[in-house]
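**Q** what follows is a protein structure lacking sequence information:
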């Protein structure tokens with residue numbers, strides 16, 4: 001019986017008719033290396049790494065939201081955005 005492969009790049013190769021897709025294969029290989037490196041860390045270090053990554057993702061999302069808020073404020077000040085209830089918007093759209 002054929003055992004499933006542990007190489008995560010195999011599904012990419014199968015989707016392309018057996019021909020390797022080099023960019024995805026390299027990225028997948030690098031990702032696999034990172035996973036193996038993390039798995040080699042002590043449990044406490046793995047938990048610390050998870051927390052660091054989680055905090056960085058939170059910071060990144062906050063920065064994205066700050067940009068979106070600034071853009072929305074600018075649009076509102078230019079008059080590109082109107083305040084009102086959903087019913088008001090529907091009236092404006094349907095004329």
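**A** That came through, no problem. As the structure is a prediction and not an experimental result, all values here were calculated from the model. Numbering: from 1, shown residues only.
**Q** next structured bit after whatever helix or strand residue 57 lives in?
**A** In the assignment (DSSP states H and E), residue 57 maps to helix 43-78. Note on helix 43-78: by DSSP H and E, the next helix or strand toward the C-terminus is helix 86-94.
**Q** counting by contacts, list what that next one packs against.
**A** If contacts are counted by 3 or more C-beta pairs under 8 Å, 6 or more residues apart in numbering; DSSP states H and E, helix 86-94 sits against no helix or strand. From N, CA and C alone the C-beta is placed, and that goes for glycine too.
**Q** give me the mean pLDDT for it.
**A** Averaged across helix 86-94, the pLDDT comes to 84.
**Q** what's in contact with that helix?
**A** Applying C-beta atoms under 8 Å, 6 or more residues apart in numbering, the contact partners of helix 86-94 are residue 82.
**Q** neighbours of the closest residue to residue 75 other than its chain neighbours, how many?
**A** Leaving aside its chain neighbours, residue 75 sits nearest to residue 81 (4.8 Å; criterion: C-beta to C-beta, 6 or more residues apart in numbering). For residue 81, the neighbour count with other C-beta atoms under 10 Å is 11.
**Q** thought residue 81 was touching residue 73?
**A** No. Residue 81 is beyond contact range of residue 73, at 9.0 Å (criterion: C-beta atoms under 8 Å).
**Q** downstream of the one helix or strand in the chain whose mean pLDDT sits lowest, the next helix or strand is which one?
**A** Of all the helices and strands that make up the chain, helix 10-15 has the lowest average by mean pLDDT, DSSP states H and E, namely a mean of 46. Of the helices and strands lying after helix 10-15 in sequence (DSSP H and E), the nearest is helix 22-39.
**Q** I'd like to know which elements that following helix is packed against.
**A** So helix 22-39, by 3+ C-beta pairs under 8 Å, 6+ apart, packs with helix 10-15, helix 43-78.
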